[in-house]
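Asks: Attaching a predicted model along with its sequence, questions to come.
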Amino acid sequence: MLIDIITGLSYLVLAVFFILRLNHPDKEVPEWGKWLPLAPIALHLYALYLAIETGTGQNLSLFNTLSLVSLIMVLLIAIYRFNHQTPHLMLYACLFAGFVSLLNIVPEKPNIIMLKGNALAFWHIWLSVIGFSLLLIATFQSILLLFLHKKLRRRPASIHPLLPPLMQMEQFLSALVLSGIISLGIALILGFMQPDTALRAQSLHKIILSAIAWFSFCTFYLGYKLSRLSGIRFARLCIIAFVILALGYVGSKLVLDYILQRG
């Protein structure tokens, strides 16, 4: 519990750093600033290890899974930051990861899964989490893209100097969605390859919503690549598709574990 509090606070401190960075865009940042996210990431990794590894299996409860998603998200953005300016995106990620880390102090029902020796389930879960993380980053990127587009139309002079060019943001969004589609698609295929007992343990609406979200992302991505969708419309539709995905992945578990009190 203490490590979760320390991790959450470290993310919030890092968020303050990026807020100051955004408030003073002309101030030069030392090269070591790019390495700052690695400190809370290391704390987060240790906290997750303590929370997930139980000795009898892996505890993939709702909060632990969300914490894993936030860790992957921050790590991916931190790596991307080594070559690109993304203080806005990093700020969103730190706030989300900090909130989720502090949320981990709330008691919850464990969800123990034995992944050792079960490669199919292991890769299904890992690819699902990675795909969800990538599409969550894509959602944050979509929000930034819509924000920049609005600024360009109304007050171009007020655009923040650290916001990347519109075309670069569209390209990054496209790459995120494609990576998320691939990861989630493989995860869905592996999920259907699991034994009947494991499939029956999954809620039907989770499977249906996840499949609809994946198909929606595929359709929107192809529409964008075939020039039938503008980058702005693509960003709006990505947000809608992610809401469907979140309802399937998070909403179903929230209802089953915390409202209906059954796992």
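Replies: Alright, I've got the coordinates. Everything quoted here is computed from the prediction, not taken from an experiment.
Asks: Could you pull out the helices in the stretch 1-150 of the chain for me?
Replies: Taking DSSP state H, counting those that start in this stretch as the test, the helices found in the stretch 1-150 of the chain are 2-23, 38-52, 62-80, 87-103, 119-154.
Asks: Export the strand or helix carrying residue 234 to CSV, keeping only CA atoms.
Replies: For residue 234, the element it lies in under DSSP states H and E is helix 231-246. Coordinates of each C-alpha in helix 231-246 appear next as CSV, following Å, rounded to 0.1, in the frame of the first residue of the first chain:
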residue,chain,number,x,y,z
GLY,A,231,-7.7,13.1,-39.9
ILE,A,232,-10.1,15.0,-37.6
ARG,A,233,-13.0,12.7,-38.3
PHE,A,234,-10.7,9.7,-37.8
ALA,A,235,-9.7,11.1,-34.4
ARG,A,236,-13.3,11.6,-33.3
LEU,A,237,-14.3,8.1,-34.4
CYS,A,238,-11.2,6.6,-32.6
ILE,A,239,-12.5,8.1,-29.3
ILE,A,240,-15.9,6.5,-29.9
ALA,A,241,-14.4,3.1,-30.7
PHE,A,242,-12.3,3.3,-27.5
VAL,A,243,-15.3,4.0,-25.4
ILE,A,244,-16.9,0.8,-26.7
LEU,A,245,-13.6,-1.1,-26.0
ALA,A,246,-13.4,0.4,-22.4
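Asks: next one: that helix to chain centre, how far?
Replies: The gap between where helix 231-246 is centred and where its chain is centred comes out at 14 Å by CA atoms, centre = their mean, to the nearest Å.
Asks: ok, residues contacting that helix?
Replies: 132, 135-136, 138-139, 141-143, 145-146, 149, 166, 170, 173-174, 177, 184, 209-210, 212-214, 216-217, 220-221, 223-224, 229 (CB atoms under 8 Å, 6 or more residues apart in numbering). Bear in mind the C-beta positions are built from the backbone N, C-alpha and C, glycine included.
Asks: can you tell me the average pLDDT over it?
Replies: Summarised as a single mean, pLDDT over helix 231-246 is 94.
Asks: In that helix, which residues are buried?
Replies: By 16 or more other CB atoms under 10 Å, the buried positions in helix 231-246 come out as 231-232, 234-235, 237-238, 241-242, 244-246.
Asks: Ok, stretch 102-110 next?
Replies: Applying a neighbour-count criterion of 16+ other CB under 10 Å, the buried positions in stretch 102-110 are 102-104, 110.
Asks: Only C-alpha atoms, please: export it in CSV.
Replies: The C-alpha trace of stretch 102-110 is given here as CSV (Å, rounded to 0.1, in the frame of the first residue of the first chain):
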residue,chain,number,x,y,z
LEU,A,102,-3.4,5.8,-5.7
LEU,A,103,-6.6,3.9,-6.6
ASN,A,104,-4.7,0.6,-5.9
ILE,A,105,-4.8,1.3,-2.1
VAL,A,106,-8.6,0.6,-2.3
PRO,A,107,-9.3,-3.0,-1.2
GLU,A,108,-10.7,-5.1,-4.1
LYS,A,109,-11.6,-8.7,-4.8
PRO,A,110,-8.6,-10.6,-6.2
